[in-house]
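**Student:** Requesting a structural model of the entry that follows:
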Amino acid sequence: MKTLSRKDEIISVAAHLFNEKGYKAVSMRDIATALDIKAASLYNHISGKQEILSEIILKVAEEFTVGMEKVVDENSSAIKKVEKVIELHIDITVNHSEALAALNNDWMHLEDEDLKAFVKMREDYEENFRSIIKQGIDAGEIKRYHPEVILFSILSTLRTLYLWNQKRGKLDVNILKKDMVSVLIKGIV
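**Tutor:** Predicted coordinates:
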């Protein structure tokens with residue numbers, strides 16, 4: 001098992017606290033207390049809460065971006081690409097549940113360039129997914145529903161999966177992928 005650096009440990013503990021209480025409700029003192037160190041010691045590793053939030057959110061957003069780029073570059077059908085996007089969301093949810101909570105709930109607290117970077121990644125991601133859906137409709141693989149309705153239906157389910165997964169306990173990821181792909185796809189093909 002890889003040993004976390006002190007900075008990574010701080011970020012991990014903060015992600016847990018942000019998930020529990022929300023970004024605004026968590027202080028640097030709360031993070032320090034959870035780590036059993038003095039608040040001033042945190043500043044040896046990070047500049048503040050904003051840096052922690054940026055690290056958490058942008059890392060996950062980058063993972064989504066890289067994953068989507070791989071899907072877009074695949075030489076496969078649109079429906080196969082939709083399946084891969086669903087599986088990407090499931091993998092990220094299972095592996096980064098608390099970070100995903102920060103991404104979904106606290107992204108608006110990002111500042112300046114980090115906020116711009118996140119919004120651009122999110123918009124590009126959604127546009128890529130929209131394009132895949134449109135390609136599937138044009139190819140007759142996906143029913144001729146409005147692409148925005150399909151996009152919203154799939155993404156709203158996937159974006160809240162972390163909540164359901166945390167409450168229900170850890171369902172086997174392979175079953176989750178197989179069944180969720182089947183449930184979401186059968187509604188559009």
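
**Student:** Quickly note the distance from the most centrally placed residue in the chain to residue 125.
**Tutor:** When CA atoms, centre = their mean is applied to the chain, the residue found nearest the centroid is residue 100 (4.3 Å). Distance, residue 100 to residue 125, by CB to CB, to the nearest Å: 14 Å. Quick note: C-beta positions are derived from backbone N, CA and C, even for glycine.

**Student:** again, but for residue 139
**Tutor:** From residue 139 over to residue 125 (counting by CB to CB), the distance is 21 Å.

**Student:** Beyond the least confident helix or strand in the chain by mean pLDDT, next helix or strand please.
**Tutor:** None of the helices or strands of the chain scores lower by mean pLDDT, DSSP states H and E than helix 161-168, at a mean of 83. Following helix 161-168 in sequence order, the next helix or strand is helix 173-186 (DSSP states H and E).

**Student:** May I see the buried residues of that following helix?
**Tutor:** Buried residues in helix 173-186, counted by 16 or more other CB atoms under 10 Å: 176-177, 180-181, 184-185.

**Student:** Give me the lowest-pLDDT entry from the residues you listed.
**Tutor:** By pLDDT, residue 176 ranks lowest within the buried residues of helix 173-186, coming in at 85.

**Student:** my read: that residue touches residue 90, true?
**Tutor:** Yes: at 5.6 Å, residue 176 and residue 90 qualify as touching, with contact defined as CB atoms under 8 Å.

**Student:** re earlier: just want the angle from the least confident helix or strand of the chain to helix 173-186.
**Tutor:** 130 degrees (axes from the mean of the first three to the mean of the last three CA atoms, to 10 degrees).

**Student:** From the buried residues of helix 173-186, pick the one nearest residue 63.
**Tutor:** residue 177 (16.7 Å; CB to CB).
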